[in-house]
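# one predicted model, sequence on top.
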Amino acid sequence: MPELPEVEIVRRGLEPFLVDKKFKHVELRRPDLRFPFPEHFTERLQGKKVVSLGRRAKYLLARLSNREVLVMHLGMSGRFTVATPQGRGGMIGEFTHDTGRDPAHDHVVFRMESGTTITYNDPRRFGFMLLIPEDELETHPLFSGLGVEPLGNELTAEYLAAKARGRRADLKAFLMDQRIVAGLGNIYVCEALFRARLSPMRPASSLANGAGRPTGRAERLVQAIRSVLWDAIEAGGSTLRDYRQADGSIGAFQHTFSVYGREGKPCAMPGCRGIVRRVVQAGRSTFYCGNCQR
DNA sequence: AAGAACTCCTGTTGGC
DNA sequence: TGCCAACAGGAGTTCT
């Protein structure tokens, strides 16, 4: 599930229940996810207050009152559910992408002093949690090599061209590489390449000319990446299928993929008569229109 | 050093 | 209907 937009949506959903709140009790139901939990994980969290909840790439970063950072990655199937006791009826508010989750995969339960319970569920267990001192975050191996944030000022055509120069990898693989642009995944790479009308099989080096300057393709790609991520975040607000706000309102849900998962369907580009095709690159499905993506 | 293959794990889907 | 292979929104590790 989670690429940058989804992680950002999860961050926004968790923020009011975590920031300025203290961990009262943390329950681990297994010793590891993708990696073992840090030593004394529960003890190191209990009694600490969350100062802020941020995001870098696909990582959630909960800064704690003791200057440690709780780093959380959702992997492929990680999800959080928030349960809040409300009013006399004990009404439950839920923030989740999946009501039908199997409690057998509830691996971590955070009980906050506020009374909120936040449960981490992850069937495939590709997610993980770490505790890293705040001042070691930037130099930590997981973070030191990360590329630029696509929604920040650092993603420019010049940046992409400089990174792409001489690269023989496919454009698809280049964009999936977190060391280039941090936070893109299979869906949004496919969608961004569609918006930029660029073939996933084109060599990454074609984003730069002989002098290492960005081509028009690089300019288009930057705009496409930004727009698809912003649109996804905006629409993501409506993916909170089971989110009920205090007033009881429910978000609508909408999928607006142009190519992802649309093999065999007509291309969405106005005027294009192409059909969406699926190929496998580096073991991952790529969806694209061979007619208008060149 | 870059790039591709392999790996972790469980659940769902589509074809026979 | 049941069975089995393919596949799933990720990314570190290991190999060439």
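That came in fine, so what should we check first?
# got the contact list for the nearest residue to A:S199 once chain neighbours are set aside?
Closest residue to A:S199 apart from its sequence neighbours, by CB to CB, 6 or more residues apart in numbering: A:Q293 at 4.8 Å. C-beta: built from backbone N, CA, C; applies to glycine. By CB atoms under 8 Å, 6 or more residues apart in numbering, the contact list for A:Q293 reads A:L193, A:F194, A:R197, A:L198, A:S199, A:P200.
# count of neighbours near the residue in the stretch 101-250 of chain A that DNA strand C sits nearest to?
At 2.1 Å from DNA strand C, A:G185 is the closest residue in the stretch 101-250 of chain A, using CB to the nearest atom of the strand. A count of neighbours around A:G185, defined by other CB atoms under 10 Å, yields 20.
# next one: A:D32
12.
# most neighbours among the contacts of A:Q293, please name it.
Neighbour max across the contacts of A:Q293 (other CB under 10 Å) = A:L193, 28 neighbours.
# in what helix or strand does it lie?
helix A:186-195 (DSSP states H and E).
# same thing with A:I118?
strand A:117-121.
# report the mean confidence score over that strand.
For strand A:117-121, the mean pLDDT works out to 93.
# repeat that for stretch A:53-70.
Mean pLDDT, stretch A:53-70: 97.
# in that stretch, what's buried?
Buried residues in stretch A:53-70, counted by 16 or more other CB atoms under 10 Å: A:53, A:55-64, A:68-70.
# return the closest of those residues with respect to A:M76.
Nearest to A:M76 among these is A:K58, at 10.7 Å by CB to CB.
# how about the closest one: what's its closest non-neighbour residue?
Nearest to A:K58 is A:V7, by CB to CB, 6+ apart, at 5.0 Å.
# now A:P203
A:R168 is the one closest to A:P203 (CB to CB, 6+ apart), at 5.8 Å.
# check contacts around A:L74.
A:M1, A:P2, A:E6, A:V7, A:V10, A:K58, A:L60, A:D122, A:G127.
# quick check, the residue nearest to A:P203 in a helix?
No. Per DSSP: H, G, I helix; E, B strand; the rest coil, A:R168 lies outside any helix segment and is coil.
# touching, it and A:S206? I think so.
No. In this structure A:R168 lies outside contact range of A:S206 using CB atoms under 8 Å: 10.5 Å.
# for A:G166, see how far away the closest residue to the residue of the stretch 101-250 of chain A closest to DNA strand C other than its chain neighbours is.
Once flanking residues are discounted, A:G185 sits nearest to A:E3: 3.6 Å by CB to CB, 6+ apart. Going from A:E3 to A:G166 by CB to CB, to the nearest Å gives 27 Å.
# got it, and A:L198?
Taken as CB to CB, the span from A:L198 to A:G166 is 18 Å.
# didn't the residue nearest to A:G185 look like it was pressed against A:A192?
No. Taking contacts as CB under 8 Å, A:E3 lies outside contact range of A:A192: 11.0 Å.
# joint contacts of these two?
A:L184.
# which of the two has more neighbours?
In terms of neighbours (other CB under 10 Å), A:A192 is the more surrounded of A:E3 and A:A192; the figures are 24 against 19.
# residue contacts, A:M76?
With contacts taken as CB under 8 Å, 6+ apart, A:M76 has the following neighbours: A:M1, A:P2, A:R124, A:F126, A:G127.
# swap that for A:G185, sorry
A:G185 neighbours (CB under 8 Å, 6+ apart): A:P2, A:E3, A:L4, A:K58, A:M176.
# got the CA coordinates for stretch A:113-132 in CSV?
The C-alpha trace of stretch A:113-132 is given here as CSV (Å, rounded to 0.1, in the frame of the first residue of the first chain):
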residue,chain,number,x,y,z
GLU,A,113,-1.9,8.1,28.3
SER,A,114,-4.7,9.9,26.5
GLY,A,115,-6.6,6.7,26.3
THR,A,116,-6.0,6.2,22.6
THR,A,117,-4.9,2.8,21.3
ILE,A,118,-2.8,2.7,18.1
THR,A,119,-2.3,-0.8,16.6
TYR,A,120,0.2,-1.7,14.0
ASN,A,121,-0.9,-4.5,11.7
ASP,A,122,1.3,-6.0,9.0
PRO,A,123,0.6,-9.5,7.5
ARG,A,124,3.7,-9.7,5.4
ARG,A,125,6.0,-8.1,8.0
PHE,A,126,8.1,-6.2,5.6
GLY,A,127,7.7,-3.2,7.8
PHE,A,128,10.0,-2.3,10.7
MET,A,129,10.5,0.0,13.6
LEU,A,130,13.7,1.4,14.9
LEU,A,131,14.8,3.8,17.7
ILE,A,132,17.6,6.1,16.6
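# okay then, goodbye and thanks.
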